[in-house]
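> Give me a model of this one.
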Amino acid sequence: MEKEQQVINKVEQHGLLPLFYHDDSSTCIAVMKALYEAGVRCVEFTNRGPLAIHNFKQLVQLRDAEMKGMLLATGTIKTPVQAKQFIDAGADFLISPYFDNAICEEVYQQKMCWIPGCMTPSEIHVAEKAGCKIIKLF
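Here you go, the predicted structure:
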C-alpha cells in the first residue's frame, strides 16, 4: 500500500511520534499547534477518554485547515469498531497496544496503515505474517 509506505517514511524521517490525550479540546488544539510549530509532522492522539472521538474530529479539522503535511494517528485502538470510527473521522493511520486479527482485517479492508504493539518475538512474527510493515515495540 502506497499510503502505508508514506506513513512509515514520515515516522522514520522524524524519528519520534509524540502522543497525547486530553479531555479539554482547547488543550488538544494547543498541543497540536505547539507540536506543528516545533516542526513535528506526525502525531498520535490516543483513544483514552470519553471525549476522544469528539476531540479527534476537532484535530482533524485543524489539521485540514492549518497544518499542511501533518499526519494524525489515533492510538489505543482496541476493537475493529473503534478502528472504523476513527478511520471515518479522518485518521491517517492507527496504532494499537497489541496485535488483534479482527482489527488487522478491518484496517486492511479500509486500506489504512496500522501499527500494532508487540512485545515478544512470537507477537512480532504473527504481526509480520499478517502483513504489518511497522510495529510498536513494547
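> pLDDT weak spots in this protein?
Filtered on pLDDT under 70, the chain yields the residue ranges 1.
> need the strands for it, in chain order.
Using DSSP state E, the strands of the chain run over 19-20, 42-46, 71-75, 93-95, 113-115, 117-118, 136-137.
> So for Asp64, which of the ones you listed sits nearest?
The closest of the strands of the chain to Asp64 is strand 71-75. By CB to CB, the value is 9.4 Å. (C-beta placed from N, C-alpha, C; glycine too.)
> what packs against that closest one?
In terms of contacts (3 or more CB pairs under 8 Å, 6 or more residues apart in numbering; DSSP states H and E), strand 71-75 is packed against strand 42-46, helix 52-66, strand 93-95.
> quick one, it and helix 52-66 angle?
Per axes from the mean of the first three to the mean of the last three CA atoms, to 10 degrees, the angle that strand 71-75 makes with helix 52-66 is 170 degrees.
> Partner strands of strand 71-75, with direction?
Here strand 71-75 has these sheet partners by DSSP bridges: strand 42-46 (parallel), strand 93-95 (parallel).
> What residues of the longest one count as buried?
Judged by neighbour count using 16 or more other CB atoms under 10 Å, the buried positions of strand 42-46 are Cys42, Val43, Glu44, Phe45, Thr46.
> What's opposite the fourth one in the beta bridge?
Just to be clear, that refers to Phe45. Applying DSSP bridges to Phe45 gives these bridge partners: Phe20, Thr74.
> contacting residues around the residue nearest to the spatial centre of the chain?
Geometric centre of the chain, nearest residue: Ala73, 2.5 Å, by CA atoms, centre = their mean. Counting by CB atoms under 8 Å, 6 or more residues apart in numbering, Ala73 makes contact with Leu17, Cys42, Val43, Glu44, Phe45, Ala91, Asp92, Phe93, Leu94, Ile95, Ile115.
> Now do the closest residue in space to Tyr98 that isn't next to it in sequence against Ile134, distance only.
Excluding the flanking residues, the one nearest Tyr98 by CB to CB, 6 or more residues apart in numbering is Gly117, at 5.3 Å. Between Gly117 and Ile134 the computed distance is 11 Å (CB to CB, to the nearest Å).
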